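Engineer: The amino acid sequence is not available; the structure is as follows:
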């Protein structure tokens with residue numbers, strides 16, 4: 001992947017808070033190049049290997065409830081650009097007209113969706129986004145525009161790289177829905193409490209980015225899905 005020149009960044013990212021992160025990443029252009037090569041090769045291989053699973057999930061989702069197979073919500077990625085993410089649909093159609101965060105036991109989740117979410121299978125389709133270049137395997141999870149609008153100047157440094165399928169923050173907050181259960185206003189709780197904590201991980205990962213660090217995060221994600229690790 002290519003890190004654009006400083007003067008080409010969006011105006012709201014050309015700040016003193018973002019500059020230190022940009023200078024660090026600018027020294028790692030070779031590593032960023034191999035990050036993109038890895039994304040293309042591995043996502044293509046996995047898409048081919050998992051094509052039978054994609055078919056099974058597509059059929060199950062269509063039989064379970066009315067609506068499309070994929071949920072194409074608008075998210076924000078590198079340099080603040082928006083894209084429509086690929087996620088296997090796990091909720092009823094038009095579920096995003098309400099809160100844009102999901103709590104455990106959410107009535108909007110379908111029967112198949114409960115299984116898909118529990119096994120993190122809704123995220124598998126993001127291999128398509130990785131291949132397209134709108135996402136990368138490891139990076140800050142893509143937020144919806146309303147939450148990005150709440151970013152501080154420093155938080156915008158996470159937009160120097162594409163949004164990721166997984167991250168250290170995702171591992172630590174893999175049970176995020178449970179943390180929102182007790183809240184009367186999940187959206188506010190997310191923006192004021194959870195998002196700032198997740199961003200501490202994301203900013204630290206951006207500051208200490210390395211290709212092999214990404215590989216380590218990918219392995220840690222597998223262990224987390226299997227029930228090892230995560231925020232207590």
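Structural biologist: Good, I have the coordinates. These figures come from a predicted structure and were not determined experimentally. Numbering: from 1, shown residues only.
Engineer: CA only for contacts and neighbour counts going forward, please
Structural biologist: Noted.
Engineer: Tell me how far stretch 191-207 lies from the chain's centre.
Structural biologist: 13 Å (CA atoms, centre = their mean, to the nearest Å).
Engineer: Now do the helices in the protein.
Structural biologist: Remark: helices assigned in the chain by DSSP state H are 19-26, 29-49, 51-64, 111-118, 127-132, 145-148, 168-172, 176-180, 186-189, 195-207, 211-225.
Engineer: Out of those helices, the one nearest residue 156 is which?
Structural biologist: helix 145-148 (8.2 Å; CA to CA).
Engineer: and the closest one, what does it pack onto?
Structural biologist: Of the remaining helices and strands, those touching helix 145-148 by 3 or more CA pairs under 8 Å, 6 or more residues apart in numbering; DSSP states H and E are strand 74-76.
Engineer: circling back to that earlier point, could you dump the helices of the chain into a markdown table and include mean pLDDT and mean neighbour count?
Structural biologist: Output for these, formatted as a markdown table (pLDDT from 0 to 100; neighbours: other CA atoms under 10 Å):
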| stretch | mean pLDDT | mean neighbour count |
| --- | --- | --- |
| helix 19-26 | 98 | 17 |
| helix 29-49 | 97 | 16 |
| helix 51-64 | 94 | 14 |
| helix 111-118 | 87 | 17 |
| helix 127-132 | 97 | 20 |
| helix 145-148 | 95 | 16 |
| helix 168-172 | 90 | 21 |
| helix 176-180 | 74 | 17 |
| helix 186-189 | 86 | 17 |
| helix 195-207 | 96 | 17 |
| helix 211-225 | 91 | 15 |
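Engineer: Take the ones you listed and lay them out in JSON lines including distance to residue 1.
Structural biologist: Listed next are the helices of the chain as JSON lines, based on distance: least, CA to CA, whole Å:
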{"stretch": "helix 19-26", "distance to residue 1": "11"}
{"stretch": "helix 29-49", "distance to residue 1": "5"}
{"stretch": "helix 51-64", "distance to residue 1": "26"}
{"stretch": "helix 111-118", "distance to residue 1": "30"}
{"stretch": "helix 127-132", "distance to residue 1": "11"}
{"stretch": "helix 145-148", "distance to residue 1": "22"}
{"stretch": "helix 168-172", "distance to residue 1": "21"}
{"stretch": "helix 176-180", "distance to residue 1": "30"}
{"stretch": "helix 186-189", "distance to residue 1": "33"}
{"stretch": "helix 195-207", "distance to residue 1": "15"}
{"stretch": "helix 211-225", "distance to residue 1": "12"}
